[in-house]
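>>> my questions concern the predicted model and sequence given below.
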Amino acid sequence: MTARKLAPSILSADFSQLADEVDRVSDQADLLHVDVMDGHFVPNLTIGPPVVKSLRQRTDLFLDCHLMVDNPEDLLADFADAGADGCTVHIELGDPRPRFAMMRSLGLRVGLTLNPETPLDSVLPYLEEIDLLLVMSVHPGFGGQPFIPSVLDKLTTARRIVDERNLPMELEIDGGINLETASQAADAGADILVSGSAVFHADDPAVAARTIKEAAWPNGS
Ligand code: DX5
Ligand code: ZN
């Protein structure tokens, strides 16, 4: 059985009223997804530890920091100090083990992620060492992109392997999750759905978050 969690991505929130935006979804959110972009690993620049520190003072939600940066090792201590609960690093950067060790020593939950075109094989050696595998369903860099359906096969295979190995880690999917794609991702075995624009660009983000969860897991099943 999957964990059935929703992680609204604040990338699509109104940053001028970020605390209010978080309050709007906090009853429906199981984690808050924080997209960190450095303008190098991806062609966009977003937020860093100071914003996480401010959020930490306003919410008890798990702060799930997705690091789309070239040098996550330079930032991990600052995110931990700011109050992040977990950080996720990209496999495309190379051997993630030194970063895992840093995260563990800092008390961070350990996440690993892969881009849509990156084969699942690249992360299989590390599944026993992580708390979270994040399957990207858009090319990282921007909110509001369409879901790439071919990643569902990757998610299905990841689910099967995680279950076969009886691993305690969670499977998260990120990008283009809306009312329609939420159920496809849940059926493929996602534990955690990240959703940005479909939540925060809705007239009522709380209603949008609730209906996405209901679409993904009807009757909580
Ligand atoms: C993309 C980010 C996603 C994004 C999701 O680089 O990692 O978390 O914010 O936004 P939507 O749900 O709009 O695709
Ligand atoms: Zn993300």
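Happy to help now that I have it. On a predicted model such as this, the values are computed, not experimentally measured, just so you know. Ligands and ions are numbered 1, 2, ... in the order given.
>>> so residue 194 lies in a strand, does it not?
Yes - using DSSP: H, G, I helix; E, B strand; the rest coil, the secondary structure at residue 194 is a strand.
>>> ok, it - contacts?
Contact criterion C-beta atoms under 8 Å, 6 or more residues apart in numbering gives 7-9, 33, 66, 134, 172-175, 177 as the residues in contact with residue 194. Heads up, the C-betas are built off the backbone N, CA and C, glycines and all.
>>> please name the nearest non-neighbouring residue to it.
Take residue 194 and drop its neighbours on the chain: the residue closest to it by C-beta to C-beta, 6 or more residues apart in numbering is residue 174, 3.9 Å away.
>>> in the protein, which residue sits nearest ligand 2?
residue 66 (3.7 Å; C-beta to the ion).
>>> OK, contacts around that residue?
Residue 66 makes contacts with 33-36, 88, 111, 113, 134, 174, 194, as judged by C-beta under 8 Å, 6+ apart.
>>> which helix or strand contains it?
Assigned by DSSP states H and E, residue 66 belongs to strand 62-68.
>>> so the closest residue to residue 124 other than its chain neighbours is in which element?
Counting by C-beta to C-beta, 6+ apart, the nearest residue to residue 124 once its immediate chain neighbours are dropped is residue 161, at 6.9 Å. With secondary structure defined by DSSP H and E, residue 161 is part of helix 151-164.
>>> can I get that helix in PDB, CA atoms only?
What follows is helix 151-164 as a C-alpha-only set of coordinates in PDB (Å, rounded to 0.1, in the frame of the first residue of the first chain):
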ATOM      1  CA  VAL A 151       7.700   8.100 -16.900                       C
ATOM      2  CA  LEU A 152       4.800   6.100 -15.600                       C
ATOM      3  CA  ASP A 153       6.600   2.900 -16.700                       C
ATOM      4  CA  LYS A 154       9.600   4.000 -14.700                       C
ATOM      5  CA  LEU A 155       7.400   4.600 -11.700                       C
ATOM      6  CA  THR A 156       5.700   1.200 -12.000                       C
ATOM      7  CA  THR A 157       9.000  -0.600 -12.200                       C
ATOM      8  CA  ALA A 158      10.400   1.400  -9.300                       C
ATOM      9  CA  ARG A 159       7.300   0.500  -7.200                       C
ATOM     10  CA  ARG A 160       7.800  -3.200  -8.100                       C
ATOM     11  CA  ILE A 161      11.500  -3.200  -7.100                       C
ATOM     12  CA  VAL A 162      10.800  -1.300  -3.900                       C
ATOM     13  CA  ASP A 163       8.200  -3.800  -2.900                       C
ATOM     14  CA  GLU A 164      10.300  -6.800  -3.900                       C
END
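>>> okay then, goodbye and thanks.
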